[in-house]
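>>> Below are the sequence and a predicted model for it; my questions follow.
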Amino acid sequence: QVQLLESGGGLAQAGGSLRLSCVASGKILRVNDMAWYRRLPGKQRELVARITSGGQTTYGDFVSGRFTISRDDAKNTMYLQMDNLRPGDTAIYYCNVEVVSAYTGGYVNDWGQGTQVAVWP
């Protein structure tokens, strides 16, 4: 079993910053790709940012250099630093992680429960 715990969401003013965290715990042999997705009201979930085990990063086009994804493998933790927030960033942000299970040795892809981010003008 893998548990993902997200934190750091909340309310921010446009132009402000928030930092999201996602901690993976459980019987984990290794953490592979980690990613943040978001779901805007009435929209489908979309990729915000992804970071591979090798540290390569990918961002959604809308990020435009405002967000930075990072990870601390010693803590099985991923971060999303969000700067210059816009009202259009208001969404539920989800953590998505692929791990190698210490039980089976197989891959497990799991989602967090989501954390709400609300940006007001």
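Ah, there it is.

>>> drop to CA atoms for contacts and neighbour counts, all remaining ones
Fine.

>>> How many residues are close by D61?
A count of nearby residues for D61, using other C-alpha atoms under 10 Å, gives 10.

>>> ditto for the one 3 residues further on
Counted by other C-alpha under 10 Å, the residues lying close to S64 total 8.

>>> now do the one 5 residues further on
The number of residues packed around I69, counting by other C-alpha under 10 Å, is 24.

>>> That one contacts T57, correct?
Yes. Using C-alpha atoms under 8 Å, I69 makes contact with T57 at a distance of 7.3 Å.

>>> Now the common contact residues for those two.
Taking C-alpha atoms under 8 Å, 6 or more residues apart in numbering as the criterion, I69 and T57 both touch A49, R50, I51.

>>> Among these, which are located in strands?
Using DSSP state E, A49, R50, I51 are the members of the shared contacts of I69 and T57 that sit in strands.

>>> quick one, what contacts the closest residue to P41 other than its chain neighbours?
Counting by C-alpha to C-alpha, 6 or more residues apart in numbering, P41 lies nearest to A91, which is 6.5 Å off, once chain neighbours are set aside. By C-alpha under 8 Å, 6+ apart, A91 lies in contact with R38, R39, L40, P41, Q116, V117, A118.

>>> likewise G105?
G105 makes contacts with L29, as judged by C-alpha under 8 Å, 6+ apart.

>>> Remind me which helix or strand the most centrally placed residue in the chain belongs to.
Central residue of the chain (C-alpha atoms, centre = their mean): W36, 2.9 Å from the mean position. Using DSSP states H and E, W36 sits in strand 28-39.

>>> Against which helices or strands is that strand packed?
Using 3 or more C-alpha pairs under 8 Å, 6 or more residues apart in numbering; DSSP states H and E, the elements in contact with strand 28-39 are strand 45-51, strand 91-101.
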